[in-house]
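[1] What would the 3D arrangement of this be:
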Amino acid sequence: MQKTPRILIAKPGLDGHDRGAKVIARALRDAGMEVIYTGLRQTPEMIVNAALQEDVDSIGLSILSGAHPVILPRIMDLLKENDMEDVPVFLGGIIPDDDIPAMLDIGVAAVFGPGTSLEKITDFIWQTVAEAEA
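    This next block holds a predicted model:
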């Protein structure tokens with residue numbers, strides 16, 4: 001039987017809109033996952049520290065501000081520094097199509113844009129966590 005995934009949902013940067021993050025958090029809980037929501041205006045250091053302390057299986061980030069080219073490399077570097085490269089990071093929000101390859105190149109596991117079904121996101125996480133356990 002598969003363990004219950006622990007997922008950290010965070011809003012990095014100065015973006016103050018968290019409705020999408022809260023919708024995702026609720027959908028993940030409804031799908032049987034344990035969710036830790038850190039709230040608004042988190043720094044990369046705060047996010048990685050919370051992920052480390054909570055021993056999460058995956059990290060979900062919601063960014064609407066356009067700061068992803070600066071924030072995501074820092075988070076990925078901090079995960080590497082803390083030997084957490086095995087923790088998949090997924091990204092949602094307003095990410096231009098031209099930026100998606102760069103996000104995937106630095107190690108982001110998936111990018112979910114507006115309109116992505118909640119089922120697709122939850123299925124991705126269940127599959128990703130199961131693969132990490134194998």
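
[2] Residue nearest the middle of this protein, spatially speaking?
    Centroid check for the chain by CA atoms, centre = their mean gives residue 60 as the closest residue, at 1.4 Å.

[3] C-terminal to the helix or strand that contains residue 59, what's the next element?
    Using DSSP states H and E, the element containing residue 59 is strand 58-63. Remark: after strand 58-63, the chain's next helix or strand is helix 68-81, criterion DSSP H and E.

[4] what does the strand holding residue 59 rub up against?
    Contact with strand 58-63 is made by 5, 7-13, 15, 18, 20-21, 24, 28, 47, 51, 71-72, 75, 87-95, 109, 125, 128-129, as judged by CB atoms under 8 Å, 6 or more residues apart in numbering. The C-beta positions use only the backbone N, C-alpha and C, and glycine is treated the same way.

[5] Give the partner strands of it in its sheet and their orientations.
    Next to strand 58-63 in the sheet, as set by DSSP bridges, lie strand 6-10 (parallel), strand 89-93 (parallel).

[6] angle of it against helix 68-81?
    Relative orientation of strand 58-63 versus helix 68-81 (axes from the mean of the first three to the mean of the last three CA atoms, to 10 degrees): 160 degrees.

[7] Could the C-alpha coordinates of strand 58-63 be exported in CSV?
    Below are the C-alpha coordinates for strand 58-63, written out as CSV (Å, rounded to 0.1, in the frame of the first residue of the first chain):
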residue,chain,number,x,y,z
SER,A,58,7.0,17.0,-3.0
ILE,A,59,6.9,20.8,-3.2
GLY,A,60,4.3,22.8,-5.1
LEU,A,61,4.8,26.4,-5.8
SER,A,62,2.3,29.0,-7.1
ILE,A,63,3.8,32.0,-8.8
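
[8] Just the pLDDT at residue 1, thanks.
    Looking at residue 1, its pLDDT stands at 56.

[9] And for residue 112?
    97.

[10] Spit out the contact partners of it.
    Residues near residue 112 by CB under 8 Å, 6+ apart: 90-92, 120-121, 124.
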